[in-house]
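Chemist: with the sequence up front, the predicted model follows.
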Amino acid sequence: MFLKSCRLKREEVQDFSVYPFSIPTIHHLDTLSLNQTVTFFVGENGSGKSTLLEAIADQIGFHTAGGSRQNVRAYNVHASESHLGDYLRLSWMPKVTDGFFLRAETFYQFASHIDEVDEDGFKSYGGKSLHHQSHGESFLSLFQHRFREKAIYLLDEPEAALSPAKQLTLLRILHDLEKEQNVQFIIATHSPILLGYPNAKIYEFDETIHEVAYEETSHVQISTYFLRNREKMLEELFKEQ
């Protein structure tokens, strides 16, 4: 692991009632250990997992709309202003500068940027424009051809474009990269499939940020219950009020 932890500089926050410090998980954040090769952030929409991931990307120097350090000034798609980033302190050993921040919701704009600047026949993206691949294929092309050793990768909901079968492919890519023990992933996800990656650390975001086992995550529990009790659950869901 390169990034060992991130700490909220609470002493510099003037008002915890102001966004993003008003988000309960951020409000209670102190120091978060990142001592596994693969770390997952999981929680409901609005729980702060993507906000924290984006702030980490900002402090590393990645484009907060997605990309690497080389893309920071290269394309002008609107990037979120990471107000939280200025209040984070990252602890490294050693610090790395190579890597990538995948933000699913702005990936189209990133692909358009690559079309404009590519000079090597899209070698880092499978040999053809990301726009000439399906959404899922373009994600996997990025993972398979752009990701390499001695780097840190931040992925915000990578399952957004991936079928269950392709999510399994992503797990294999993570495994193959991890074997070299020279790469680190921090992934915000809703996917019970991705969360199943072996030996990963899982942080669940609700009122606080706390480590949980795979089977204890609400996403896994809800998905498991639905698959085992589909008819009963749908009957309750559609019941007249």
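Modeler: Everything's here; your move.

Chemist: and the end-to-end length of stretch 130-139?
Modeler: 8 Å (Cα to Cα, to the nearest Å).

Chemist: measure how buried Ser112 is and give me the count.
Modeler: Number of residues near Ser112 (other Cβ atoms under 10 Å) recorded here: 14. Using the backbone N, CA and C atoms, a C-beta is placed for each residue, glycine as well.

Chemist: check the gap between it and Glu178 for me.
Modeler: 31 Å (Cβ to Cβ, to the nearest Å).

Chemist: likewise Thr39?
Modeler: In terms of Cβ to Cβ, Thr39 sits 12 Å off from Glu178.

Chemist: please enumerate the helices of this structure.
Modeler: 24-27, 49-60, 107-117, 135-141, 164-178, 192-195, 218-228, 230-237 (DSSP state H).

Chemist: circling back: what about Thr39 and Glu178, which has more around it?
Modeler: Thr39 (21 against 18).

Chemist: show me what the lowest-mean-pLDDT helix or strand in the chain is packed against.
Modeler: Ranking every helix and strand in the chain by mean pLDDT, DSSP states H and E puts helix 107-117 at the bottom, with a mean of 73. Here helix 107-117 touches helix 135-141, going by 3 or more Cβ pairs under 8 Å, 6 or more residues apart in numbering; DSSP states H and E.

Chemist: next one: the helix it packs on to chain centre, how far?
Modeler: 16 Å (Cα atoms, centre = their mean, to the nearest Å).

Chemist: now do stretch 6-15
Modeler: On Cα atoms, centre = their mean, the centre of stretch 6-15 falls 22 Å from that of its chain.

Chemist: do the same with stretch 40-51
Modeler: 9 Å.

Chemist: in that stretch, what's buried?
Modeler: 40-43, 47-51 (16 or more other Cβ atoms under 10 Å).

Chemist: give the buried residues for stretch 154-174.
Modeler: 154-162, 166-167, 169-171, 174.

Chemist: in the least confident helix or strand of the chain, what's buried?
Modeler: Neighbour-count burial for helix 107-117 [16+ other Cβ under 10 Å]: 107, 109-111, 113-114.

Chemist: closest one of the residues you listed to His132?
Modeler: Ala111 (9.5 Å; Cβ to Cβ).

Chemist: which non-adjacent residue is nearest the closest one?
Modeler: For Ala111, ignoring the flanking residues on the chain, the nearest one in space by Cβ to Cβ, 6 or more residues apart in numbering is Leu130 at 3.7 Å.

Chemist: residues near that neighbour, how many?
Modeler: 23.

Chemist: that one contacts Leu140, doesn't it?
Modeler: No: between Leu130 and Leu140 there is no contact under Cβ atoms under 8 Å: 10.7 Å.

Chemist: what's the average pLDDT for stretch 43-55?
Modeler: Averaged over stretch 43-55, pLDDT sits at 95.

Chemist: likewise stretch 148-156?
Modeler: 90.

Chemist: what does that stretch rub up against?
Modeler: When contacts are defined by Cβ atoms under 8 Å, 6 or more residues apart in numbering, stretch 148-156 is touched by residues 2-3, 50, 53-54, 56-57, 60, 62, 96, 98-105, 147, 177, 180, 182-189.

Chemist: likewise stretch 229-241?
Modeler: 225-226.

Chemist: show me which positions of that stretch end up buried.
Modeler: With the criterion 16+ other Cβ under 10 Å, stretch 229-241 contains no buried residue.
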